[in-house]
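1. What follows is a predicted protein model with its sequence.
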Amino acid sequence: PFPERSHYDVVGVNDLEAGARIAKHLISADAKNIHFLVSKLFPITFANRLAGAASTLKLAGVKIPKGGNVLHAEADDLKSLKRYLKRQKSPPDAFICSNDVIAAVFKQTLEAAGLRVPQDVMLTGFADLPVASLMSPMLTTVHQNREQMARAAFDRLMARIANPDLPPCDIFLPSQLVVRDSTSRKKKR
């Protein structure tokens with residue numbers, strides 16, 4: 001966890017920046033009550049995305065509900081979602097999920113609770129996995145260029161084989177927000 005540093009090289013995207021990018025988009029889409037779904041398996045990458053988004057919300061003056069804005073539950077836990085929604089003074093109008101698969105499962109749970117995406121609640125994921133463009137509505141997500149990541153990891157591995165004493169490093173590659181209909185409240189004809 002930040003700020004500690006492992007002895008391993010890390011290749012990925014800047015998760016703080018990606019989380020901030022998602023939050024800025026939701027704010028620009030007029031979301032006022034942005035929440036996070038956090039499951040028991042909580043990878044450090046999502047913690048960083050959450051921190052980036054939370055920081056952006058705070059800087060933008062978005063108020064955090066008194067009971068907090070994090071639902072600690074599995075994506076398919078309908079009972080926990082219903083309890084969480086009952087505790088909220090005003091209903092969430094957006095949820096940020098740690099990845100696209102979790103968002104796809106959570107969308108079904110939201111629908112079972114009577115909420116429509118995006119009419120009642122906007123939804124985002126992360127990674128731009130194939131499921132994101134297969135969902136209806138298609139999921140807003142952050143695209144990670146997996147081929148570019150694999151190439152950078154391979155290049156770093158070859159450099160480490162050639163020189164095992166290289167200090168560990170972080171290689172952050174660019175990511176891109178892919179805006180799709182899960183965060184659009186425009187009425188279709």
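-> In hand now; what should we look at?
2. What's the separation between residue 81 and residue 56?
-> From residue 81 across to residue 56, the span is 24 Å (C-beta to C-beta, to the nearest Å). Every C-beta, even on glycine, is put in place using the N, C-alpha and C of the backbone.
3. Equivalent analysis for residue 65, please.
-> As judged by C-beta to C-beta, residue 65 and residue 56 stand 17 Å apart.
4. same question, residue 12
-> Separation of residue 12 from residue 56 (C-beta to C-beta): 19 Å.
5. Compare these two (neighbour count), which wins?
-> Neighbours were counted for residue 12 and for residue 56 using other C-beta atoms under 10 Å; residue 56 has more, 22 against 17.
6. can you pull the contacts of the more buried one?
-> Residue 56 sits next to 19, 20, 23, 24, 27 when contact means C-beta atoms under 8 Å, 6 or more residues apart in numbering.
7. Secondary structure and distance to residue 172 added to the residues you listed, as a markdown table?
-> Shown next, in a markdown table, are the contacts of residue 56 (DSSP: H, G, I helix; E, B strand; the rest coil; distance: C-beta to C-beta, whole Å):
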| residue | secondary structure | distance to residue 172 |
| --- | --- | --- |
| 19 | helix | 13 |
| 20 | helix | 14 |
| 23 | helix | 18 |
| 24 | helix | 18 |
| 27 | helix | 24 |
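8. Could you dump the residues you listed into TSV and include neighbour count and distance to residue 125?
-> What follows is the contacts of residue 56, written out as TSV (neighbours: other C-beta atoms under 10 Å; distance: C-beta to C-beta, whole Å):
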residue	neighbour count	distance to residue 125
19	28	12
20	20	16
23	27	14
24	17	16
27	17	18
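9. ok, those residues vs residue 41, which is closest?
-> residue 19 (17.8 Å; C-beta to C-beta).
10. Please tell me I have it right and that closest one contacts residue 47.
-> No. Using C-beta atoms under 8 Å, residue 19 is not in contact with residue 47, being 9.5 Å away.
11. For the nearest residue to residue 6 once chain neighbours are set aside, give me its contacts.
-> Closest residue in space to residue 6, ignoring its immediate chain neighbours: residue 168 at 6.6 Å, by C-beta to C-beta, 6 or more residues apart in numbering. Applying C-beta under 8 Å, 6+ apart to residue 168 gives the contacts 5, 6, 7, 8, 9, 10.
12. Over to residue 168. Which of the three states is it?
-> Here residue 168 is recorded as coil under DSSP: H, G, I helix; E, B strand; the rest coil.
13. so where do the strands sit in the chain?
-> Counting by DSSP state E, the chain has strands at residues 10-13, 34-38, 70-72, 94-96, 122-124, 141-144, 170-173, 175-178.
14. Tabulate the ones you listed (TSV), appending mean pLDDT and distance to residue 108.
-> Shown next, in TSV, are the strands of the chain (pLDDT from 0 to 100; distance: least, C-beta to C-beta, whole Å):
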stretch	mean pLDDT	distance to residue 108
strand 10-13	92	27
strand 34-38	94	13
strand 70-72	93	15
strand 94-96	97	13
strand 122-124	98	11
strand 141-144	95	17
strand 170-173	93	31
strand 175-178	96	21
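15. Okay then, goodbye and thanks.
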